[in-house]
Structures are given as structure tokens and as C-alpha cells.
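Chemist: Below are the sequence and a predicted model; questions follow.
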Amino acid sequence: MIWSRIAGTGSYLPERLVTNAELARTMDTSDEWIHSRTGIRQRYIAAESESSSDLALRACQAALLAADTPASEVDLIIFATSTPDQIFPSSACLLQAKLGIKGGAAFDIQAVCSGFVYALSIADKFIRSGQSRCALVVGAEVFSRILDWNDRATAVLFGDGAGAVVLRAEPNPGILGSVLRADGSQAKILSVPGTVCGGQVKGTAFVQMDGQGVFKFAVRVLDEVARETLLQCGLGVTDVDWFIPHQANVRILDATAKRLGIPAERVVVTVDRHANTSAASVPLALDCAVRDGRIKRGQRVMLAAVGGGFTWGAAVLEY
Ligand code: ACO
């Protein structure tokens, strides 16, 4: 039997760190308001010259190094992003060229903050079916580009970054199971309702959000999909060593962990340092916890994410 297994993780954050205090100098907000409502203290913002595929390249290089794998072995790239470099080619193809490789499949996944979990689940299926032996799965965003910096209700919540894993075909598990869900009838509670038409932006190219609607929906579906995925794997909550939810807001993380009965010390939290980096948030948090020694080989990790669409999903794996 073929399993897909994470051979290495990597991440990258842009150089520019922006604290809540710095934001409060240009908009009517405060560190106290942002931290008490969201747990966020700071975020990283990409330089004007940096694109999602630039951030992804750095994260992928770190993951390949950790996996002791040359880029030439990669036969599949799945790139989760809502802030692609351009309309086309896909950021995955641009990343492939930056990695100096060619020939394997490369495509983007658009599931907003659930993008990495979607991408990981798809890559797992490619590997299990024998169609791929070595996949790069990456979530990277320059979300700062789609924020209205005059809208304090959304601008304070997000940041830029990238996280990646190398997924290899192995005789031992691996990704144990995953569940993906969507409900397009909830599109309006979180969206960027703009497009390009005749060379002009049509609609609004900034994040629009019903904060309380998102909050309630997110907590409910994260709990449901985590339970469904555990059931699929024949596992219970106590069989999981680490829980890595999408890093949207510390109150969503706390409420979800509480509903699932997972103690706070088994939840990986990076939202305080990174803010919400959308598709990059789960692989960034995974890489942080691997590199600081919390997540060890053989331990079970549950990833869960929710995002615009609405989309949501979870994956349980043996690291
Ligand atoms: N600084 C200061 N005041 C603010 C700010 C800010 N940055 N933003 C909003 N306010 C004000 C509002 O204007 C409002 O003022 P008013 O009462 O005078 O009208 C007041 O604070 C309360 O606003 P609410 O929107 O009701 O605040 P709420 O307590 O709901 O908190 C928040 C807002 C933090 C966004 C909350 O709804 C939330 O956490 N929602 C989840 C959304 C989320 O995490 N989104 C991330 C993307 S979604 C995802 O990744 C799945």
C-alpha cells in the first residue's frame, strides 16, 4: 500500500514586521482592541517587489532542504493561494520555473483559508493513486494587497507569508485521512467581490467580511469536520498529539479546541505573531511547531481550516 508522508516542512515570512502599535499610528485602532478581540500582536507585510510565488519559493526551498530532497525529484506542485501573482499562468507554474524544474503537474487551488488543507488532501490522492511520487504542497499569500487599509475592521486581521511541505510516497503512513467541505450559499460573509473586465477592476477588490457571521460559522464547521475526519481515521480526540487549526483569530481557536475537548497546550498558536495569513497559516504553524521541536516524528497531528466560499476541511496525519 502506498501512503503519502510529510518528508519536510518549510516556511517564510517577509522581512517587514508591523506591530499593532504601528497600525494605530495610521488608523483609529489600538493594540488593546486588536489583541483582546483577536489575539494578534503583529503581522509581516511583503515588500512591493515580492509576490506569492517569491514567498512560496523560500518556503519550498526550506521544505526541500528539510526533506533532503532535490527539487528535480518534485513531480507535482499544488499551490494554495487567493492572491496569485497574476491571472495566469498559475502561481504554481511560476514557482516551478523559479525552482528550475519542469515536466511535473503544477496548478493552483483557490479555497481561501482552507486552501492548504484542500491542496494537501488532493496531493495525498495523487500519491496514493501512484500518479505522483514527490509533491510540493504550498500555501502562500500577499493578503495585504487585497486589504482596504482604511477599513480597520478587516485590515488589522491579516498578514503575508508562506508555508510548504514535501509529501513523498512511502510504505508507511502518512496522511491517515482528510475531509473537504464547501457551502457556496455562504459566499457573502467573506469575499473579495471584484474581477477584471476590459482592463478595469469591476466590483470591489478588497476583503469584505461579516465578522460575527464568520466567527459563528467557523467554530461550528471546524468542530464538525475535525470530528468527521477523526471518525474516518478510526481515531478519537485523545489520539491526536497536536491540533493545528487555521490561524484566524485566537478566540476562534480557543472556542474550537474547547468544543472538541482538546487542551490548550496541544493546540499550535501562531496568530499572535503572524496574524491571519489565509492559505499560508496552517503550513506556517506546522513548520513552526516542527522546527521548535514540539511536533516529533511518529506523533499524530490534526490540521483543520475554514475560509471564504465557504470552504472547510481537516486532515489527520502521522508526522
Ligand atoms: N479597532 C478599533 N475598533 C474597531 C476595530 C479596530 N480594528 N474594528 C472594528 N472596531 C469597532 C467597530 O467599528 C465597532 O464600533 P461601534 O460599536 O462603535 O460600531 C466595534 O469595534 C465592534 O465591532 P464588531 O465588528 O461588532 O466587533 P466584534 O466584537 O464582532 O469583533 C472581529 C470583530 C474581531 C472581527 C470578530 O467579529 C471576529 O473575530 N470575527 C471573526 C472574523 C475573522 O477571524 N476573520 C478572519 C478571516 S475569516 C477566516 O479566516 C476564516
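Modeler: Everything's here; your move. Residues are numbered from 1 along each chain as shown.
Chemist: Quick check: what element follows the helix or strand encompassing residue 118 along the chain?
Modeler: In this structure, residue 118 sits in helix 115-128 according to DSSP states H and E. Next along the chain after helix 115-128, taking DSSP H and E as the criterion, comes strand 134-141.
Chemist: who are the neighbours of that following strand, in terms of helices and strands?
Modeler: Counting contacts by 3 or more CB pairs under 8 Å, 6 or more residues apart in numbering; DSSP states H and E, strand 134-141 packs against helix 52-66, strand 76-80, helix 91-98, helix 115-128, strand 161-170, helix 281-291. No exception for glycine: its C-beta is placed from N, CA and C like everyone else's.
Chemist: now these as JSON lines including mean pLDDT, mean neighbour count and distance to residue 316?
Modeler: Listed next are those as JSON lines, based on pLDDT from 0 to 100; neighbours: other CB atoms under 10 Å; distance: least, CB to CB, whole Å:
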{"stretch": "helix 52-66", "mean pLDDT": "98", "mean neighbour count": "24", "distance to residue 316": "20"}
{"stretch": "strand 76-80", "mean pLDDT": "99", "mean neighbour count": "29", "distance to residue 316": "19"}
{"stretch": "helix 91-98", "mean pLDDT": "98", "mean neighbour count": "22", "distance to residue 316": "25"}
{"stretch": "helix 115-128", "mean pLDDT": "98", "mean neighbour count": "25", "distance to residue 316": "11"}
{"stretch": "strand 161-170", "mean pLDDT": "98", "mean neighbour count": "29", "distance to residue 316": "15"}
{"stretch": "helix 281-291", "mean pLDDT": "98", "mean neighbour count": "26", "distance to residue 316": "13"}
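Chemist: any residue of the one helix or strand residue 301 maps to up close to the ligand?
Modeler: Using DSSP H and E, residue 301 sits within strand 300-307. Yes - judged by CB under 6 Å from any ligand atom, strand 300-307 comes into contact with the ligand at 306-307.
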